[in-house]
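> with the sequence up front, the predicted model follows.
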Amino acid sequence: MRTRLVVGLAIGALGIVTVACSSSSSGSNNPYPDVEHFCAAVAQAECGSASTGAISNCSLSGSSVLSDCVTFRTGECTKGNIVMPGPSFGNRTLTSGNVQPCIDAITSAFNGSNGVSVITYTDLYGSDGMSGIVGTCEQVFVGAAATGATCTSNYDCSSSTDQCFADPAAPTKLTCDPPTPHSVGGPCRDPGDTCTGGYCDTTTTPTCVASLADGQKCTDSAQCQASSRCAGGACAPRGVAGSLCATNDDCDATSQLLCDVYRSTGAVCAKSLLLGNTSADCTGYLEGQVPDASGSSSGSSSGGSSGSGSSSGGGDASGSSSGGDASTDGAAGD
């Protein structure tokens, strides 16, 4: 069992508007006293203006384009979708002292250069799948779950050494625990036990066994190799650049591919978000205009990307991905 992270790639939480978070700082000088103020600042950094940032790079114009963009991106943020689809903030506490690094990271990435913002997988998630813009912004909301306490994502855990793991004996039970790696043949009885190069076989005594090859029968993506997932009851490669996708879990994170849900032509696995004049992400990201399943334009972007895959990190998300391994002969990824 590879590390079962239920990170911001837990998109089933989308659409839940956060109401429980409050700032850990108080006083009239706090510019981010609540989620609404924080998300308004995030949206402003994402959208930019007519002369700088994404709106400028995308050459969007009109009297209401900035206000429409800020309204849309503020709404996405309150659901937990900071730049990319992510988990709700739940009962985590907004920590205003952690806000500025998030805003700075977004501003830097979205300003771009030469009239285009190219925001790569590494920019978003870092080399470890847990840092980058998304990780920096998720740290604005500090979790309170102690070791052994129930969690829904890594960000719920109060200790920086803990991650959100499934109990090998009860996969639906998730708790914060420090990772304890084991080699193939080693035990994996306790929450936090991970299997290097394999997964935890619980059919008898929980033991680490080698990952399944593509084509072998599976019940969970954790049983497959890192570049594969469980689809239709068998391990199959995750999507390559240009493959259709619904969540990041559908794309090969080992090749640093993300699911670009903002494409005007439909969500595909790609190496980056691309915000520049006439680029396919502009209206989807900044205005929420993306095609629905019938191909017509929809007024919401990431809200349609539900699933049990991962949204903010590498390919080892908890739970098998939804749907088959769809691919397209259309555009290749960025």
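In hand now; what should we look at?
> CA only for contacts and neighbour counts going forward, please
Noted.
> which residues does residue 119 form a beta bridge with?
residue 273 (DSSP bridges).
> what residues of stretch 278-290 count as buried?
Neighbour-count burial for stretch 278-290, counted by 16 or more other Cα atoms under 10 Å, picks out 280, 281, 282, 283, 284, 285, 286, 287, 288, 289, 290.
> please convert the residues you listed to JSON lines, extending it with distance to residue 100, pLDDT and secondary structure.
Below are the buried residues of stretch 278-290 laid out as JSON lines (distance: Cα to Cα, whole Å; pLDDT from 0 to 100; DSSP: H, G, I helix; E, B strand; the rest coil):
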{"residue": "280", "distance to residue 100": "29", "pLDDT": "85", "secondary structure": "coil"}
{"residue": "281", "distance to residue 100": "26", "pLDDT": "92", "secondary structure": "coil"}
{"residue": "282", "distance to residue 100": "25", "pLDDT": "90", "secondary structure": "helix"}
{"residue": "283", "distance to residue 100": "27", "pLDDT": "86", "secondary structure": "helix"}
{"residue": "284", "distance to residue 100": "26", "pLDDT": "90", "secondary structure": "helix"}
{"residue": "285", "distance to residue 100": "22", "pLDDT": "91", "secondary structure": "helix"}
{"residue": "286", "distance to residue 100": "21", "pLDDT": "88", "secondary structure": "helix"}
{"residue": "287", "distance to residue 100": "24", "pLDDT": "84", "secondary structure": "helix"}
{"residue": "288", "distance to residue 100": "25", "pLDDT": "82", "secondary structure": "coil"}
{"residue": "289", "distance to residue 100": "29", "pLDDT": "74", "secondary structure": "coil"}
{"residue": "290", "distance to residue 100": "30", "pLDDT": "58", "secondary structure": "strand"}
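> redo those residues as JSON lines? Include distance to residue 167.
Formatted as JSON lines, the buried residues of stretch 278-290 follow (distance: Cα to Cα, whole Å):
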{"residue": "280", "distance to residue 167": "41"}
{"residue": "281", "distance to residue 167": "39"}
{"residue": "282", "distance to residue 167": "41"}
{"residue": "283", "distance to residue 167": "42"}
{"residue": "284", "distance to residue 167": "38"}
{"residue": "285", "distance to residue 167": "37"}
{"residue": "286", "distance to residue 167": "40"}
{"residue": "287", "distance to residue 167": "41"}
{"residue": "288", "distance to residue 167": "38"}
{"residue": "289", "distance to residue 167": "40"}
{"residue": "290", "distance to residue 167": "38"}
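> of those, closest to residue 73?
Closest approach to residue 73 among these (Cα to Cα): residue 286, at 7.0 Å.
> for the buried residues of stretch 278-290, which one is nearest residue 84?
Using Cα to Cα, those come closest to residue 84 at residue 285, 9.5 Å.
> from residue 278, how far off is that closest one?
Counting by Cα to Cα, to the nearest Å, the gap from residue 285 to residue 278 is 13 Å.
> how about residue 69?
17 Å.
> can I see the domain layout of the protein?
Listed domain ranges for the chain are 11-142, 235-304 (source: automatic domain parsing).
> which of the ones you listed sits most buried?
A comparison of these by mean neighbour count, using mean count of other Cα atoms under 10 Å, puts domain 235-304 on top with a mean of 24.
> before we move on, what SS does residue 269 have?
Assigned with DSSP: H, G, I helix; E, B strand; the rest coil, residue 269 falls in the strand class.
> you'd agree it is up against residue 257?
Yes: Residue 269 lies in contact with residue 257 (Cα atoms under 8 Å); the separation is 5.9 Å.
> residues shared between the contacts of those two?
240, 241, 248, 251 (Cα atoms under 8 Å, 6 or more residues apart in numbering).
> closest one to residue 126 out of those residues, please.
Closest approach to residue 126 among the shared contacts of residue 269 and residue 257 (Cα to Cα): residue 248, at 14.5 Å.
> need the pLDDT of the closest one.
Residue 248 is assigned a pLDDT of 93 by the prediction.
> ok so, going back, in JSON lines, list the domains of the chain along with distance to residue 227.
Formatted as JSON lines, those follow (distance: least, Cα to Cα, whole Å):
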{"stretch": "domain 11-142", "distance to residue 227": "14"}
{"stretch": "domain 235-304", "distance to residue 227": "5"}
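> so for residue 219, which of those sits nearest?
Among the domains of the chain, domain 235-304 comes nearest to residue 219, with 8.9 Å by Cα to Cα.
> spit out the contact partners of residue 131.
Shown in contact with residue 131 (Cα under 8 Å, 6+ apart): 124, 125.
> change the start of the numbering to 204 and stick with it
Yep, numbering from 204; the last one is residue 334 now.
> how close does it get to residue 268?
Distance of residue 334 to residue 268, given as Cα to Cα: 31 Å.
> same check, this time on residue 485
Taking Cα to Cα, one finds residue 485 at 12 Å from residue 268.
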